[in-house]
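> Below: sequence and its predicted model.
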Amino acid sequence: MTETVVIDCFPSSVARYVYDHAIVAVDVIRATTMAVTAVAAGRRCVVAADLQDAFAIRDRIGNVVLAGELGGDMPQGFDMNNSPAELAQRGEVHRPLVMLSSLGTQLMLEAGRSANGAYVACFRNFGAVARHLVANRGRVALIGAGSRGEFREEDQMGCAWLAEILVKAGYRPVDAQTTEIIERWSGAPATACETGNSVAYLRRSGQLDDFDFITAHVDDLEIVCSIDGNEVRPWPQLPPLTAAAD
């Protein structure tokens, strides 16, 4: 099989790739950063489809942290916003995180339908995910969540950094858009997305702590997160290699 990589955007695009691609969901500001941060801390992370589903999961599991936003606002009855910075400061990691967001959680659930594996990536773990994909080969679709019909800068960056590692390992970009996005963001600092609309929203709403957290934690986690059904899980770690007998 020829190893290829494509960069795309929006949950609705996932259907193009579910049968023959490994899919990586990317929503840097902020859903996939939340999920990866939760899993890295040892916290169970469950993704809700909508408000009714979020409360149903809470009632079924019990003693959860309900986190997220819809249209930028924290729903009534939730414990916290879609804030990785706040999550990183919370204790009680034994309490599962139940997540809901405008598009990021929808993207993760759609990606989870892939027959060839689905993963969750952000600035924190893009390197680990890319190396895992290289080790397993095959076709890869990197899909940004987007927002308000726009492929946001931070999601382009996350996808581009992943794709660049794959291309250096021999993967072929499938189209001009993929090549253009890789070239645009190659070598860019994490703060290069600060002029975009996502950061403008964080600034207006007094939530720049999340931007600071995201840009201060780049490629700092060696963790691969997969989406299995409605749950984000750490990819099983391989046992250490043993020395061959003489």
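Arrived safely, thanks for sending.

> contacting residues around the closest residue to H217 other than its chain neighbours?
Spatial nearest neighbour of H217, chain neighbours left out: R124 (5.1 Å); criterion: CB to CB, 6 or more residues apart in numbering. (Each C-beta comes from the backbone N, C-alpha and C, glycine too.) R124 makes contact with 33, 36-37, 40, 217-221, according to CB atoms under 8 Å, 6 or more residues apart in numbering.

> residues near the closest residue to G104 other than its chain neighbours, how many?
Using CB to CB, 6+ apart and skipping the chain neighbours, the partner closest in space to G104 is A31 (2.5 Å). With neighbours defined by other CB atoms under 10 Å, the count for A31 comes to 30.

> go on, D59?
9.

> pLDDT wise, what is it at?
What the model reports for D59 is a pLDDT of 97.

> how about the helix or strand bottoming out on mean pLDDT in the chain: buried residues?
Ranking every helix and strand in the chain by mean pLDDT, DSSP states H and E puts strand 225-228 at the bottom, with a mean of 93. Across strand 225-228, burial judged by 16 or more other CB atoms under 10 Å covers 225-227.

> what does stretch 18-25 give?
Neighbour counts over stretch 18-25 (16+ other CB under 10 Å) mark 18, 21-25 as buried.

> quick one on the thing from earlier: next one: the least confident helix or strand of the chain to chain centre, how far?
10 Å (CA atoms, centre = their mean, to the nearest Å).

> when you give positions from now on, start the count at 3
From this message on, residue numbering opens at 3, which makes the last subject strand 227-230.

> Run through the neighbouring helices and strands of that strand.
helix 33-42, helix 106-113, strand 120-123, strand 233-236 (3 or more CB pairs under 8 Å, 6 or more residues apart in numbering; DSSP states H and E).

> Can you give the strand pairings for that strand, parallel or anti for each?
The pairing partners recorded for strand 227-230 under DSSP bridges are strand 120-123 (antiparallel), strand 233-236 (antiparallel).

> Show me which of those has the highest average neighbour count.
When you average the neighbours per residue for each of the strands paired with strand 227-230 (mean count of other CB atoms under 10 Å), strand 120-123 leads with a mean of 29.

> Past it, which element shows up next along the chain?
Scanning forward in sequence from strand 120-123 by DSSP states H and E, the next helix or strand is helix 128-138.

> Report the angle between that next one and helix 33-42.
Calculated by axes from the mean of the first three to the mean of the last three CA atoms, to 10 degrees, helix 128-138 forms an angle of 80 degrees with helix 33-42.

> can you list contacts of helix 128-138?
Contacts of helix 128-138 (CB under 8 Å, 6+ apart): 24, 26, 119, 121, 123, 142, 160, 163-164, 167-168, 171, 173, 221, 223-227, 237.

> Now, of those, which are buried?
In the contacts of helix 128-138, the ones that pass as buried (16+ other CB under 10 Å) are 24, 26, 119, 121, 123, 142, 160, 163-164, 167-168, 173, 223, 225-227, 237.

> in this protein, which segments are predicted with low confidence?
3, 239-248 (pLDDT under 70).

> And the helices in it, which stretches?
Using DSSP state H, the helices of the chain run over 33-42, 53-63, 86-91, 106-113, 128-138, 155-170, 178-187, 199-206, 210-218.

> Next, format these as TSV and append distance to G148.
Output for those, formatted as TSV (distance: least, CB to CB, whole Å):
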stretch	distance to G148
helix 33-42	12
helix 53-63	21
helix 86-91	19
helix 106-113	8
helix 128-138	18
helix 155-170	7
helix 178-187	13
helix 199-206	10
helix 210-218	17
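
> Those helices: which one's closest to T4?
Within those, the stretch nearest T4 is helix 155-170; the backing value is 12.6 Å (CB to CB).

> can you tell me which of the buried residues of strand 227-230 lies nearest to D55?
Of all these, D55 sits closest to I229, with 15.2 Å by CB to CB.
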